[in-house]
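Trainee: return atomic coordinates for the entry below.
(one chain, ligands or ions: 1)
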Amino acid sequence: MDEDAGGRLPDRETVAPPESFVEGANVTDADLQEQFDREWPDCWARAGALLDWERPYRTVLGGEGDDREPPFGWFEGGRLNASHNCVDRHLDERKNQVAIKWEGRLGETQSYTYLDLHREVNEFAAGLRALGVEAGDVVTVYVPMIPELPIAMLACARLGAVHNVVFAGFSAEALADRMGRAESRYLLTCDGYYRRGAATNQKNRADNARISLDHDLEATVVVSRLGEELRLGEDQYGYAGLLATHSGATVDPVARAATDPLFLIYTSGTTGTPKAVTHTTGGYLAQVAWTARSVLDVEPGDTYWCSADIGWITGHSYIVYGPLALGTTTLLYEGTPDHPEKERVWEIIERNAVNVFYTAPTAIRSFMGWGEEYPDRQDLSSLRLLGTVGEPINPRAWEWYYEQIGGGECPIVDTWWQTETGAIAVSTLPGVDEMKPGSVGRPLPGIAADVVDADGEPLPPGEPGRLVLERPWPAMPASLADGDGWGPDPPGGEWRYVTGDEATVDGDGYVTLLGRIDDVINVAGQRFSTMELESRIVETEGVAEAAVIGGDDDTTGAAVYAYVSPERGHPTGDGLRARIDERIREAVGPMAVPEAVVFTPELPKTRSGKIMRRLLEDIANDEPLGDTSALRNPEVVGEIESVVREG
Ligand code: WT7
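Mentor: Okay, the predicted model is just below:
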């Protein structure tokens, strides 16, 4: 890349927001940033105002701390119910508007109006209550992208119960782990579902998880997705039967404190085990609604499609809570983008006249690889705005998305956020800001993000450093608000939240993400802890040691590479690779199965015995190797290199 005389990267080319978009944009206020700065933290009352409160809050930002030191209490004193906000309050104006449009894997479609949604959420809430679910109980939801998933989330929210959605592709072991740690005694699952034509036995996995749990389950509810008769054991109930028993029942939404938990979700931290993140009812919902409106430009009456899975935070925030809080039609797609044809995604957009489409760079790069003939066959003129999330988007994919999908008339919002931030934190405001392909944009109004060095000092433009958040934000998790993960950085320094991402900021304040600093691999927007993967691989018979790193991958951004040293005398040709893959598939899920496994008699180590992951990364990514003299066993590097580069 070109560098100017000062050694800094030049500012990227900018793209002005298309005028046709700006005319109708939700936010066109050029000085919103300044207004928020001036009024902080009260500026966030604008987000709070998007919600219906059963009891108004006393202060926007309460808590005993100040604006830097926890505890933080967003919208303190306020009480509200998320299900009321996403369903009931829309009944006056949009009873007959479609709330959820479902596109099933076998080509089925189903529409739930707000009235239908209200009815089913109430009936399921009544059913859950009859099974014993009360406010504060954790209900685990382990189903694919079917309407019962958001309905279950909203039914839990209605009761004040905490949902714990576990991605349907996770293994029995991963499910048991997440239920065990949450002490969850209620489970919603299904009999099975179709993946590329074949039915998976989801119920079987759920039963296996139940058997391996240390605690008993009160009740399991099973959705019939395959349409066959359900085989139910003790304390197991069919979803349809449960609804029938509670046909027409209503449940008053249980008012929750703004700071009460709405749900928990697991993410890969740096600790090796998935970490539970708890999001709050008031602050989370307010910022999610606010960002869906100001960044994704969602309006009531829009048809909006976020192609993520509800099993991840993106689906929680921007398939379910944000769009439904705003009274939009949210599309739920169960299938894969290339089945039955590679034009599936564009066909869905045309058929449903989708206005806003939000997806991941991985998907965009796949679409690009398939070619424009597929989008070209469809009418995409309903689109008004495009979004991307999960990993950096390279300028070439950005241009393709902008021109081929948006026809040069839809702004792209590149949205940076995390499971921990709960809602979008850094992005352009599409009706206000210029876009810079490859760069996410400025921190949103009210968000204090900065790039700092190891001492916590802000860095000049272009210099890579750690992306940190200097002030609390409404959608922060309960634990951070209580000070767990929020503290002086470095020790003795300013109080802040360290995101774990590396970034640069340019002269205009635009942030460009470079990747993760901690040992987390971001494969197609899903975070895996290297430590967790390593400990699973080491559990495989015949493995002595393993190191996992993220290698570059054109499509998924990063791929899991494993370097494995077998136990002494253990042959590698006896299916060891297959057993490693199987172990990961079982313990974590198919998404984490390594792209490559390199067998080596030894892993490169420092004299203090630390595995040199950087070096392994450089080898995998074909980068020049630095000084290896500090290694205890420099000779293994040559061996590994020859396997990877020539083998
Ligand atoms: C990590 C968070 C938030 C939903 C998706 C995944 C990376 C996220 C971007 C972006 C570059 C991004 C970061 C972040 N990331 N959005 N627009 N550009 N990188 O949530 O699993 O919590 O992962 O995804 O590394 O820390 P998550």
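Trainee: give me the number of residues near the residue of the stretch 351-500 of the chain found nearest the ligand?
Mentor: Of all residues in the stretch 351-500 of the chain, T419 sits closest to the ligand, at 3.4 Å by CB to the nearest ligand atom. Just so you know, the C-beta spots here come from the backbone N, C-alpha and C atoms, and that holds for glycine as well. The number of residues packed near T419 is 20, by other CB atoms under 10 Å.
Trainee: I figured it hits T267, correct?
Mentor: Yes: the criterion here is CB atoms under 8 Å, and T419 meets it with T267 at 3.9 Å.
Trainee: return every residue with contacts to both of the two.
Mentor: 277, 313, 527 (CB atoms under 8 Å, 6 or more residues apart in numbering).
Trainee: could you dump those to a markdown table with secondary structure, distance to H84 and pLDDT?
Mentor: Formatted as a markdown table, these follow (DSSP: H, G, I helix; E, B strand; the rest coil; distance: CB to CB, whole Å; pLDDT from 0 to 100):
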| residue | secondary structure | distance to H84 | pLDDT |
| --- | --- | --- | --- |
| V277 | strand | 24 | 96 |
| I313 | helix | 22 | 95 |
| R527 | strand | 32 | 81 |
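Trainee: list just the nearest of those to the ligand.
Mentor: Using CB to the nearest ligand atom, R527 is the member of those that lies nearest the ligand, at 4.1 Å.
Trainee: kindly state the beta-bridge partners for the closest one.
Mentor: Taking DSSP bridges as the rule, R527 bridges to N522.
Trainee: burial check on it, number of neighbours?
Mentor: 19.
Trainee: who are the neighbours in contact with it?
Mentor: By CB under 8 Å, 6+ apart, the neighbours of R527 are 267-268, 419, 520-521.
Trainee: want to throw those residues into CSV with secondary structure?
Mentor: Formatted as CSV, the contacts of R527 follow (DSSP: H, G, I helix; E, B strand; the rest coil):
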residue, secondary structure
T267, strand
S268, strand
T419, coil
V520, strand
I521, strand
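Trainee: and the closest residue to the ligand within the stretch 51-200 of the chain, how far is that from L32?
Mentor: For the stretch 51-200 of the chain, the residue closest to the ligand is F167, as judged by CB to the nearest ligand atom, at 11.1 Å. Distance from F167 to L32, counting by CB to CB, to the nearest Å: 35 Å.
Trainee: same check on E409?
Mentor: Separation of E409 from L32 (CB to CB): 23 Å.
Trainee: neighbour-wise, which of those two wins?
Mentor: Between E409 and L32, counted using other CB under 10 Å, the more crowded position is L32 (18 against 15).
Trainee: tell me the contacts of the nearest residue to that one once chain neighbours are set aside?
Mentor: Distances taken as CB to CB, 6 or more residues apart in numbering place P445 nearest to L32, at 4.8 Å, with adjacent residues excluded. Going by CB under 8 Å, 6+ apart, P445 touches 32-33, 35-37, 43, 429.
Trainee: switch the cut-off to 6 Å
Mentor: If a contact means CB atoms under 6 Å, 6 or more residues apart in numbering, then P445 has 32-33, 36 as its contacts.
Trainee: in helices only, show me those residues.
Mentor: Among those, the ones falling in helices (DSSP state H) are 32-33, 36.
Trainee: and of those residues, the nearest to the ligand?
Mentor: Nearest member of those to the ligand, counting by CB to the nearest ligand atom, is Q33, at 19.1 Å.
Trainee: ok, how many other residues are close to the closest one?
Mentor: Neighbours around Q33, by other CB under 10 Å: 20.
Trainee: what's the answer for D116, then?
Mentor: 18.
Trainee: pull the residues that contact the helix or strand that it is a member of.
Mentor: Assessed by DSSP states H and E, D116 sits inside helix 114-130. Contacts to helix 114-130, defined as CB under 6 Å, 6+ apart, come from residues 87, 90, 94-95, 97, 99, 151, 154-155, 158-159, 242-243, 246, 249-251.
Trainee: in strands, which of the residues you listed fall?
Mentor: A99 (DSSP state E).
Trainee: pull out the buried members of the contacts of helix 114-130.
Mentor: For those, a neighbour count by 16 or more other CB atoms under 10 Å gives the buried set as 87, 90, 94, 97, 99, 151, 154-155, 158-159, 242-243, 246, 249, 251.
Trainee: tell me the SS of A454?
Mentor: Per three-state DSSP, A454 ends up coil.
Trainee: now it: closest residue in space that isn't a chain neighbour?
Mentor: P490 (6.8 Å).
Trainee: give me the subset of the shared contacts of T419 and T267 that also touch the ligand.
Mentor: Filtering these for neighbours of the ligand using CB under 6 Å from any ligand atom leaves 313, 527.
Trainee: same list (the shared contacts of T419 and T267) but as JSON lines, adding distance to G390.
Mentor: As requested, those are exported to JSON lines (distance: CB to CB, whole Å):
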{"residue": "V277", "distance to G390": "16"}
{"residue": "I313", "distance to G390": "10"}
{"residue": "R527", "distance to G390": "10"}
